[in-house]
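In: could you work out the structure for the sequence below:
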Amino acid sequence: MTTQTSCPAAAAFELRLYVAGQTAKSLAAFANLKRICETHLAGQYRIEVIDLTKPPQLAATGQILAVPTLVRRLPEPGRKILGDLSNEKRVLAGLDIQPVMGG
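Out: Sure thing, here's the model as predicted:
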């Protein structure tokens with residue numbers, strides 16, 4: 001299963017979230033990522049969710065060793081963040097995103 005949550009076609013941030021099924025941790029990671037993107041990247045992001053229980057060979061292709069894993073594809077250079085993405089400051093720092101004031 002591949003799910004895409006899009007904003008504009010030419011999004012400034014292309015993010016890929018690797019999960020393993022509909023686990024609590026996977027669902028939390030997606031919800032946290034969506035909230036962070038809406039707050040700090042409104043209209044500038046695209047999220048692609050890849051469920052590794054469906055095509056597990058994608059884990060090797062993407063060099064994914066643990067799930068959930070968030071991969072920033074654009075802007076380059078790419079970056080990876082592991083876990084449920086609940087620590088917003090860590091996610092923003094890992095993606096090199098400047099926090100929105102008051103956010």
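
In: any stretches of the protein with poor pLDDT?
Out: Counting by pLDDT under 70, the chain shows low-confidence ranges at 1-10, 56, 58-62, 101-103.

In: and the strands in it, which stretches?
Out: For the chain, the strands defined by DSSP state E cover 2-6, 13-19, 45-51, 69-74, 79-82.

In: could you pull out the helices for the protein?
Out: Assigned helices in the chain, in chain order: 24-40, 57-61, 88-95 (criterion: DSSP state H).

In: deepest-packed of these, please.
Out: Highest mean neighbour count among the helices of the chain (mean count of other C-beta atoms under 10 Å): helix 24-40, with a mean of 17. Any C-beta I mention is one placed from the backbone N, CA and C, and that applies to glycine too.

In: which residues are contacting stretch 52-72?
Out: Outside of stretch 52-72, the residues within contact range by C-beta atoms under 8 Å, 6 or more residues apart in numbering are 1, 13-21, 25-26, 29-30, 33, 50, 78-85, 91, 94-96.

In: need the buried ones from these selected in ChimeraX.
Out: Here is the ChimeraX command that selects the buried residues among the contacts of stretch 52-72 (16 or more other C-beta atoms under 10 Å):
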select :13,14,15,16,17,18,19,20,25,26,29,30,33,50,80,81,83,84,85,91,94,95
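
In: partners of Arg16 in the sheet?
Out: Going by DSSP bridges, Arg16 is paired in beta bridges with Glu48, Val71.
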